[in-house]
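A.B. asks: Sequence and predicted structure are below.
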Amino acid sequence: MSIRGTFSARVALFALAAALIPQAARAADAAPQPGEIVVTAQKREQSAQKIGIAVTALGKDAIAAIGRQDVTALAGQVPDLEVNQYSPTITVFNIRGVSQNDFTDAQEAPIAFYDDEVYIASLGAITGMNFDLERAEVLRGPQGTLFGRNATGGLVQFVSAKPTAKNEAFVTLTTGSYGQVATEGALSGALSDAVRARLSFTTNDAGGYITNTMGPSLGNTKFYGLRGQIAADLSPADKLIVKVQTLRNAHERSGGLYSWAAAYPDPNDHGLGNYAANVPGGNPGGAAQGADANGYTNTSGSPFVQSEDRVPYFNRTYWDISARYTHDFGWGELASISDYQHMTKDYGEDSDMSPNAAFNYDTHQRMYQMSQELRLSGKTDALNWVTGLYAMNIHTANQYQVVSPAGTVPGFGTLNYGGTQNTDSLAAFAQGEYAVTPTVSLIGGLRYSHDRKHIEFQDYSNGTLLFDWATTIPDVANLRFATFNNWSGKAEVDYKPDGNTLIYASVNRGTKAGGFGTVSSPAPYTDSAAVSTATGAPLVQAIPFGQEVLTNWEGGFKLTLLNRTTHFNGSVFFYNYQGYQAFQNVGVNQYISNHQAYEHGAEFEFNTRPVKGLYLGTFMTFLSSKVKNITLPDGFVADRVLPQAPDFSLGWQVHYQFPVGPGQLTLGTDWKHESGSFFETNNAPDDYEPGRTIGNVRVSYAILDGKVEVAGFVNNVTDKWYRVYNLDLAGLLGSTNQTYAKPRTWGASVTLRY
């Protein structure tokens, strides 16, 4: 076929795809840099444009440009991704409306997080890992076959920069708003002909961004991270990389960075929380209208000015050691990935957000995790295959304390509750890709998983034991043990009519094991549903929850156009979400129940480099969701929408680099608009956050071939006030715990490279 004929056919395909698939998935370069990003979405290195998965990969330059210290900035670069850090104790990834909204320490998320191929189970361990990275990968949709554990809705993977044979180093010093002083750097090189090493570090010290009229500012940062890696060529066929990493937050006043707002249960809306102005006479404590249940009103008019009698705290120490060994047989490769993690975490907050000592909440966690993965992979002329085994153990000890002195609302005294939870997991998997013809490939995979969980739990009220799961109610003691067996799978067909076009259709099934909610009560527990309904006492049978299964039907296309300067990618998808683990906060209890849910949506992405130095990118997403049969506070059962699942989002980025004097000047900006969404499954009025548009700008100047760079940045340019979290405590405190994103911040950095 002639060049003109090929171009015409591809333009026709472009038009047909645009007509049939009005939105699409981003799966290509997310950064203004030449070439295609290589990803490991199928456990082998491939161009993101060549695989039938909705994947976004950001290279190291793009990660640096959006902010080395802030993982939440990923959301502005990736379609259908929300990243929220309600506090440093928890990082929640939400992909296509799938996320974990339970904030207790023992839970795992349905969006798996990987660091250098190692699964990180604890949501509290993620914060701060984004330094000296080679790339970040975001895979949307179930990825259970190869990545397995809890990749129900997708996964996020950080890939750290590896040791190099060539000596190299860099250091970046950043200073900015609220007295921030941050560093990041690395030193890499050869120790011998066969051994290489890399040492990476980061620090971040900043004052609080919330004024506390009763004490020191809130929201300060004191963070330190260190990573060491050694890579050794044991023989021409044997390679080994050993990594040791530690992260530490010390003496931070960052627990519960809430902003006060009066909210009451609305009797005309099923008892759902609503702002006080909308519920006249609804104060649960009988105090003045517009005050919380203890009579307090914040009159500052700003979410960043609070009056809290208690200084919150957050301390965390995390470390892990991992080893990746590979052996090349010639006909295939064996990979072994071993890992051990350990974390201690202490956290305390002023939950009532007021000068009153009405409600304080503390958590303490001690966690370790061990995992081992073995993979054998190979390829022939027509077949790429991989098979493997996986084993993991997680042990976590969690203690919680709630203090509400007599004379306050709710005024139940002191609750101490918690215990230990142990998880053992085994899995076996295999996947193959077979080229039926030069243009058609079939992909199939299967994974079988076995999980066993065991919890020990005690609850004390004012020093008196109320409930010991092992002994208090013998008839339900066996509910402390749970076993889950399930399978994940993948079936896909890829069509590649030429080297720049991919059309794919797939069915993927992902699973997430069940577990145990976290409850506490000043009243005795019960195994009678009737007693629970009549008295509000916790029903023991409601504490465990079942596994969830997400089946995704997806079709899409990936086009590389105009001499490989332009990418246009798209997908549509439908989710059948069986047993969706819906989180609901009831008083001081965190219940998770299983429900049927559905989603359908589409994603659009287009980026181009039309002239030298200029990058233009945009994405657009559409999403519709429904969760069936949610029980509201007054007992009414209704369908709801998934939390943090905006119907629409639009993002765009512009970067332009051009010579000025002896160096290169780069101007960059990125923006994202998204429609409103709810924070919790109940969809309470005070949980709704309206739509918003957020933008950032960055200017940099580099000389000496990039060896010296100075940069300035402004984040949240328009100083938009918007919430990233809300916990509806309208019926308990007459207020709601809402966390706002940081206001406008600015800074400057200097980077030196060798």
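C.D. replies: Nice, I can see it.

A.B. asks: Enumerate the helices of the stretch 401-550 of the chain by residue range, in sequence order.
C.D. replies: 529-535 (DSSP state H, counting those that start in this stretch).

A.B. asks: the strands in it, which residues?
C.D. replies: 413-435, 440-461, 464-468, 481-495, 501-512, 515-516, 544-545, 548-561 (DSSP state E, counting those that start in this stretch).

A.B. asks: Now do the helix or strand that the last one is followed by: distance to the chain's middle.
C.D. replies: It stands for strand 548-561. Later in the chain than strand 548-561, the nearest helix or strand by DSSP states H and E is strand 566-586. How far strand 566-586 lies from its chain's middle: 14 Å, per CA atoms, centre = their mean, to the nearest Å.

A.B. asks: Of all the strands of the stretch 401-550 of the chain, which one is nearest Ala232?
C.D. replies: strand 413-435 (28.1 Å; CB to CB). Just so you know, the C-beta spots here come from the backbone N, C-alpha and C atoms, and that holds for glycine as well.

A.B. asks: which helices and strands sit right next to that closest one?
C.D. replies: strand 383-404, strand 440-461 (3 or more CB pairs under 8 Å, 6 or more residues apart in numbering; DSSP states H and E).

A.B. asks: quick one, what contacts the spatially most central residue of the chain?
C.D. replies: For the chain, Phe93 is the residue whose C-alpha lies nearest the centre (CA atoms, centre = their mean; 1.9 Å). Phe93 makes contact with 81-83, 99, 109, 111, 113, 156, according to CB atoms under 8 Å, 6 or more residues apart in numbering.

A.B. asks: and of the helices and strands packed on strand 413-435, who's closest to Ala711?
C.D. replies: Comparing the helices and strands packed on strand 413-435 by CB to CB, strand 383-404 comes nearest, at 40.1 Å.

A.B. asks: Partner strands of the closest one and their direction?
C.D. replies: Strand 383-404 pairs in its sheet with strand 360-379 (antiparallel), strand 413-435 (antiparallel), by DSSP bridges.

A.B. asks: The ones you listed: which one's closest to Arg452?
C.D. replies: That would be strand 413-435 among these, by CB to CB, at 4.8 Å.

A.B. asks: quick one, that closest one and strand 481-495 angle?
C.D. replies: 30 degrees (axes from the mean of the first three to the mean of the last three CA atoms, to 10 degrees).

A.B. asks: Dump strand 413-435 to PDB, restricted to CA.
C.D. replies: Extracted in PDB, the C-alpha atoms of strand 413-435 (Å, rounded to 0.1, in the frame of the first residue of the first chain):
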ATOM      1  CA  GLY A 413     -15.500   8.300  78.700                       C
ATOM      2  CA  THR A 414     -12.600   6.300  77.300                       C
ATOM      3  CA  LEU A 415     -12.700   3.400  74.800                       C
ATOM      4  CA  ASN A 416      -9.600   1.300  74.200                       C
ATOM      5  CA  TYR A 417     -10.000  -1.300  71.500                       C
ATOM      6  CA  GLY A 418      -7.900  -3.300  69.000                       C
ATOM      7  CA  GLY A 419      -5.800  -6.400  68.700                       C
ATOM      8  CA  THR A 420      -3.900  -8.300  66.100                       C
ATOM      9  CA  GLN A 421      -4.600  -9.500  62.600                       C
ATOM     10  CA  ASN A 422      -2.700 -12.100  60.700                       C
ATOM     11  CA  THR A 423      -3.000 -12.700  56.900                       C
ATOM     12  CA  ASP A 424      -1.500 -15.600  55.000                       C
ATOM     13  CA  SER A 425      -1.800 -15.600  51.200                       C
ATOM     14  CA  LEU A 426      -0.700 -18.100  48.500                       C
ATOM     15  CA  ALA A 427      -1.200 -17.800  44.800                       C
ATOM     16  CA  ALA A 428      -0.200 -19.500  41.500                       C
ATOM     17  CA  PHE A 429      -0.500 -17.800  38.100                       C
ATOM     18  CA  ALA A 430       0.200 -18.100  34.400                       C
ATOM     19  CA  GLN A 431      -0.300 -15.900  31.300                       C
ATOM     20  CA  GLY A 432       0.600 -16.300  27.700                       C
ATOM     21  CA  GLU A 433       0.400 -14.100  24.600                       C
ATOM     22  CA  TYR A 434       0.300 -16.000  21.300                       C
ATOM     23  CA  ALA A 435       0.600 -14.300  17.800                       C
END
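
A.B. asks: starting at the chain centroid, how far to that strand?
C.D. replies: 17 Å.

A.B. asks: circling back: nearest to Ala491, out of the helices and strands packed on strand 413-435?
C.D. replies: Of all these, strand 440-461 comes closest under CB to CB, at 5.4 Å.

A.B. asks: returning to that earlier point: redo the helices and strands packed on strand 413-435 as TSV? Include distance to Glu689 and mean neighbour count.
C.D. replies: Output for the helices and strands packed on strand 413-435, formatted as TSV (distance: least, CB to CB, whole Å; neighbours: other CB atoms under 10 Å):
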stretch	distance to Glu689	mean neighbour count
strand 383-404	26	18
strand 440-461	33	19
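
A.B. asks: Now render those as JSON lines, adding mean pLDDT.
C.D. replies: Formatted as JSON lines, the helices and strands packed on strand 413-435 follow (pLDDT from 0 to 100):
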{"stretch": "strand 383-404", "mean pLDDT": "97"}
{"stretch": "strand 440-461", "mean pLDDT": "97"}
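
A.B. asks: list the contacts for the residue lying closest to Leu479 once chain neighbours are set aside?
C.D. replies: Counting by CB to CB, 6 or more residues apart in numbering, the nearest residue to Leu479 once its immediate chain neighbours are dropped is Pro544, at 5.5 Å. By CB under 8 Å, 6+ apart, the residues touching Pro544 are 479, 482, 514-517.

A.B. asks: Between these, identify the one with the most neighbours.
C.D. replies: Each of the contacts of Pro544 was scored for neighbours by other CB atoms under 10 Å, and Gly515 scores highest at 24 neighbours.

A.B. asks: I'd guessed it sits against Arg452; true?
C.D. replies: No. Counting by CB atoms under 8 Å, Gly515 does not reach Arg452; the two are 11.5 Å apart.

A.B. asks: Mind listing the shared neighbours of those two?
C.D. replies: Ala482.

A.B. asks: quick revisit: which one of the contacts of Phe93 is nearest Gly418?
C.D. replies: Nearest member of the contacts of Phe93 to Gly418, counting by CB to CB, is Ala109, at 20.2 Å.

A.B. asks: still on that earlier bit, ok, so of the contacts of Pro544, who is nearest Phe713?
C.D. replies: When the contacts of Pro544 are compared against Phe713 (criterion: CB to CB), the nearest one is Gly515, at 40.4 Å.

A.B. asks: what sits against the closest one?
C.D. replies: Going by CB under 8 Å, 6+ apart, the list of residues near Gly515 reads 106-108, 421, 453, 482, 544-545, 592.

A.B. asks: and if you look at Asp459?
C.D. replies: Contacts of Asp459 (CB under 8 Å, 6+ apart): 415-417, 465-467, 519-521, 525.

A.B. asks: ok, now with 10 Å
C.D. replies: 400, 415-419, 465-469, 472, 519-522, 524-525, 538 (CB atoms under 10 Å, 6 or more residues apart in numbering).

A.B. asks: repeat for Phe329
C.D. replies: Counted by CB under 10 Å, 6+ apart, Phe329 has contacts 237, 376, 378.

A.B. asks: Could you find the closest non-adjacent residue to the last one?
C.D. replies: Read it as Gly378. Nearest to Gly378 is Gly332, by CB to CB, 6+ apart, at 3.0 Å.

A.B. asks: List the residues that contact that neighbour.
C.D. replies: Contacts of Gly332 (CB under 10 Å, 6+ apart): 375-379, 385-387.

A.B. asks: Take those residues and lay them out in TSV including distance to Tyr296.
C.D. replies: Converted to TSV, the contacts of Gly332 look like this (distance: CB to CB, whole Å):
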residue	distance to Tyr296
Arg375	57
Leu376	63
Ser377	61
Gly378	66
Lys379	66
Trp385	64
Val386	59
Thr387	61
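
A.B. asks: For burial, what's the neighbour tally of Ala48?
C.D. replies: Residues near Ala48, counting by other CB under 10 Å: 24.

A.B. asks: My error: substitute Glu674 in the last question.
C.D. replies: Counted with other CB under 10 Å, Glu674 comes out at 22.
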